Structure formats: C-alpha cells, structure tokens
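K.L.:
Need a 3D model of the sequence below.
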Amino acid sequence: MEITDPTPAERRVLAAFPLGEGVDLRDGADDDPAAGAAWGPERTVRAEVLRALLLDGPVREGRIAGLKVTGARVTGRLDLKYGTVAHPVRLRSCHFEEAPDLYGAQVRALVLSDSVLPGLTAGTLRAEGVVRISRCRVTGPVRLQGARLSGALFADGARLGVPGGAAGEPALQLNHAEVGTDVWAVGLVTHGTVLLGGATVGGQVNLNEAELHAPGATALHAETLVVGTDLHAMRLRARGRVNLSGARIPRQLEFAHAGLSNPGGQALRLSSCVIGELWLRGAAPVEGVVNMRRAQVDLLHVPPEVWPERVSLDGLSYRALTPHLPAEQRLPLLEREAEGYLPYAYEQLAAAYRTAGDDAGARTVQLAKLRRHRRTLPWYARLWGHVQDAAVGYGFRPMRAAGWLLLLLCVGTLAFALHHPPALKPGEAPAFNPPFYTLDLLLPIIGFGQEGAFAPRGWYQWLSYLLIATGWVLATTIAAGITRSLNRQ
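P.N.:
Residues are numbered from 1 along each chain as shown. As a prediction, the model looks like this:
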C-alpha cells in the first residue's frame, strides 16, 4: 500500500490504524461537522486512503487494527463496493463530500454517528455487528435495502432528507432487510418515505418521538414487516400515510400520544395485520381514513375520539376492547364504515362485550345492528321492523312487551267494566270478569272462557278487534325475541 503526499490528518490515521487507536481531529467537542467543507489539511482525509487501510491496511501482531476517526473531512468517494472489511469502521462526527458506497460489502461494524453525508449506499450490506447512523444528517437517500445485520441498526436522532424537498427516492430504505436485534430510531426525523416493506427484525422497532414527513404520500411503508416483539411509535408525528398492511407484530403496536395525518387519503393502513395489542391511548384524532380490513388484533385500545370520520373495518377481528366503555359510545364508529352496513362489525363488537361479561352492552349492540339493517329493507319490511322495535326492541327489550300488555289490559278492563258486553247464551254464560275477558282477547293461545261467552257491540266490538290484533303482534314479536335469545345462547 503506497500513499503519496499524506496530509497531517492522514499521517495520524495511518499511524493509529494498525494499533486500533482512535484519532480525534476536532478542535472541540462542540465542533459542527456541517461546517466541515471549510476544514483544512489538518482535518482532511482522502477517501482513497481510508479505502486502502480498510481493504489492505497493515496489522501489528498482538493488536487489533481498526479505523476510529472523529471529526475528519473525507474527500472523494469512500468506495467499498463488494469489499470485505475485516476491521470495524468508525467515522464519527465526520463531513463526507460524497456519499459512501458500501453496496454488497461485508464489514464487522459500521459507525457513522453524528456525521454529515450527502447520502449512503449500502444495499445488501453484511454487518457482523451494529450499524450506527445516530444523529447523522443525511441530505440524500440512505440505502440499506436487503442488508443483513447481525446486530442492531441505530438511527436515533438522525435527520434524513431535505425539508420541503421534491418528492423522490425514499429517505430511508430498509426494505427486505434482516436485522438480528433492534431497529432503534428514537427521535428520527425524515423528509421522504421510510421503507421497511418485507423487512424482518428480530427484536423491536422503536420510532418513539420520530417525525416522518411525506405530505400527500407514504411516510412509513412497512408492508409485511415482521418483528420479534414490539413496534413502538409513541409520540410519533407522521405527515402522510402509515402503511403496515400485512405486518406481523406479536406484542404491541404502540401509537400512544401519536399524531397521524393524511387528509384526503388513508392515514393508517393495518389491513391483514396480525397484532397482539394495538394502543392509541392519548393520540390525537386521526386525520384521514383508518383501514383495518381483515386485521387480527388480540387487544384493541383506541378511545372513540381518536377514530376519524371514515373507517374501513370489514373483517376486523379482536378479542378485547379497552378502556371498557358503554356500548353507546362505541356504536357511532360502525356508522362511519366506508363500505356501509357490515353485519360482521356489529357481531364482533357484541362478542367483545360478551367476552368482557357485559351482556347488556352486547344486547345494545345487537339491537343497533337490527336497526341499522332495517334501513336497507323495503318500506313494508321497515314498517314491520318498527313495530317489533317499538314492541319488544327486536326481542332485546322484552320488558317493553310487558309494559304494552299491562297498558292494554288496563284500557280493556276499564272499558268493559263500564259497559259489559251481552252474553251469547244468557242462561249458560259465566259471570262476566273484565280483566280476564281482556286477557282472553289479548292472549291468542290461553283461554279463560270469557271471549266465547260474550259479544261486544258498537265501538266496543272494534276495541275487541284491536286488542286481538295487538295481542297477536305482541305474541309474534315475543316469540321472535325468545327464538333470537335462544340462538344467541
């Protein structure tokens, strides 16, 4: 390896590399690498020098060689494409004039924390340890698609993309990557799409307090993402669609205190997901459509005020709802269904209330389902539905029938007590009893021997007809309610 005309900074790096020692070129700990373009030879290291060291650098016996440089200005392109680097690469707080190219490379570890870069190309990278871009400022795309990282990816506090820049290539590309442990991106700020589609993460994905900006586009694209434990996104701010369609998250998907906004489009897409627990407690009202079609969730914690004006919940299944609220507070959500009336959505909500031991809440949901279904029927069926609803609440309010019967019994008893109907056979008729005569008219099956013995006339005859017809209606609706109750059991 021959390096001509080394700068003062390069001499220090060349001497420290075989010993595995660090070189700090900063004037102070508060140096800003964004100003690195103005740094002179005392802080300038050519990319070709770093490449030569990493691929074929000297190794001293008994020492572990490694590149550990802080506060350097790196000129040229660090090209390690398809290279095998047997040493850890640590370039902290550095200023890169060109985007490093590590496509297809194999490294022990890659640390670029606190650096400023115009981009990073590291698709299909193989790393035996961690990859760190913590607090980096990267104006161009970070390409890690298809990477295989045995350790974790740290992107906490990183700033990726340019605010207000034209929509183009995604800011962070981790699609189809495999991360052995965690993706740690607390406080990440991106301007452009974050791609996690098809990625596999052995531990958790942590996006707490992240800000993802892609107005009118997709802020987070993570279709078919598979994580080992949780996806945390507490206090996340997403401008654009968050797409987790088909994701597998066995424990928590945490959007507590988050703000999701994509007006005029889908703000949150969780269709066909399998999730242990979905939490949106304390979150701001979602701006945009929430799509959870065919999703499977064990526990759903979404306060009613968080749901947007339009939802798509066809096929959504869940076992439990928290917090436990009266059914009347949950039902308005089902009226916002984009597909219209969905019987399954009501059945699922009723099942959740039965699971919680709230049979009254389950009955309220079932009654709301029948009332909603009534709106889809022809006028004559709607009319009969109104009769059943008013009489016994479709069988879910059986005490209404008792009230109606008691009222009619009182009306009939009073009317026939004031005017006894004449007997058909005066010598054979039993003594007239107004209450039991009225019951004979009201109850179509049970007989007390009064109805067949007396024949009212005039308007009393019309009253008897009304009592008979009403009795049949009540009997029919009660029988329907009993049948429905037995079917539910």
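
K.L.:
use CA for all of it now, contacts and neighbours both
P.N.:
Noted.

K.L.:
Looks like residue 224 contacts residue 198 (just checking).
P.N.:
Yes: Residue 224 lies in contact with residue 198 (CA atoms under 8 Å); the separation is 5.1 Å.

K.L.:
ok, residues contacting the host helix or strand of residue 52?
P.N.:
Element membership of residue 52 [criterion: DSSP states H and E] is helix 47-56. With contact meaning CA atoms under 8 Å, 6 or more residues apart in numbering, helix 47-56 is reached by 1, 3, 10, 14, 17, 66-67, 74-80, 83-87.

K.L.:
redo that, cut-off 10 Å
P.N.:
For helix 47-56, the surrounding residues in contact (CA atoms under 10 Å, 6 or more residues apart in numbering) are 1-4, 6, 10, 13-14, 17-18, 57-59, 65-67, 73-80, 83-89, 96-98, 100, 107.

K.L.:
And that helix, what's buried?
P.N.:
Across helix 47-56, burial judged by 16 or more other CA atoms under 10 Å covers 47-54.

K.L.:
can you pull the alpha-carbon coordinates of it into CSV?
P.N.:
Output in CSV follows, covering the C-alpha atoms of helix 47-56 (Å, rounded to 0.1, in the frame of the first residue of the first chain):
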residue,chain,number,x,y,z
ALA,A,47,-11.5,8.5,0.9
GLU,A,48,-8.9,6.5,-1.1
VAL,A,49,-6.6,6.5,2.0
LEU,A,50,-9.4,5.1,4.1
ARG,A,51,-10.2,2.5,1.5
ALA,A,52,-6.6,1.3,1.3
LEU,A,53,-6.4,0.9,5.0
LEU,A,54,-9.7,-0.9,5.3
LEU,A,55,-9.0,-3.4,2.5
ASP,A,56,-5.3,-3.9,2.8
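
K.L.:
Which ones among the contacts of helix 47-56 lie within helices?
P.N.:
10, 13-14 (DSSP state H).

K.L.:
Of these, which is the most crowded?
P.N.:
When those are compared by neighbour count (other CA atoms under 10 Å), residue 13 ends up highest, at 25 neighbours.

K.L.:
mind checking pLDDT for it?
P.N.:
Residue 13 carries a pLDDT value of 92.

K.L.:
going forward, begin numbering at 46 instead of 1
P.N.:
In the new count, where the first residue is 46, that last one comes out as residue 58.

K.L.:
Surely it and residue 90 touch.
P.N.:
Yes: shown here, residue 58 and residue 90 form a contact pair, counting by CA atoms under 10 Å, at 8.4 Å.

K.L.:
what about the helices in this protein?
P.N.:
Listed in chain order, the helices of the chain (DSSP H) span 53-61, 92-101, 372-379, 388-400, 404-419, 424-437, 444-463, 479-487, 504-533.

K.L.:
rewinding a little: common neighbours of residue 269 and residue 243, please.
P.N.:
With CA under 10 Å, 6+ apart as the test, residue 269 and residue 243 both reach 220-221, 291-292.

K.L.:
Export stretch 404-424 to CSV, keeping only CA atoms.
P.N.:
Provided in CSV are the C-alpha atoms of stretch 404-424 (Å, rounded to 0.1, in the frame of the first residue of the first chain):
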residue,chain,number,x,y,z
ASP,A,404,-74.3,-8.8,28.4
ALA,A,405,-76.3,-5.6,28.5
GLY,A,406,-73.7,-4.0,26.2
ALA,A,407,-73.8,-6.9,23.9
ARG,A,408,-77.6,-6.6,23.6
THR,A,409,-77.4,-2.9,22.9
VAL,A,410,-75.0,-3.7,20.0
GLN,A,411,-77.3,-6.4,18.6
LEU,A,412,-80.3,-4.1,18.8
ALA,A,413,-78.3,-1.4,17.0
LYS,A,414,-77.4,-3.9,14.3
LEU,A,415,-81.0,-4.7,13.6
ARG,A,416,-81.9,-1.1,13.5
ARG,A,417,-79.1,-0.4,11.0
HIS,A,418,-80.1,-3.4,8.9
ARG,A,419,-83.7,-2.1,8.9
ARG,A,420,-82.6,0.9,6.8
THR,A,421,-81.6,-1.5,4.0
LEU,A,422,-85.0,-3.1,3.7
PRO,A,423,-88.1,-2.3,1.6
TRP,A,424,-90.7,0.0,3.1
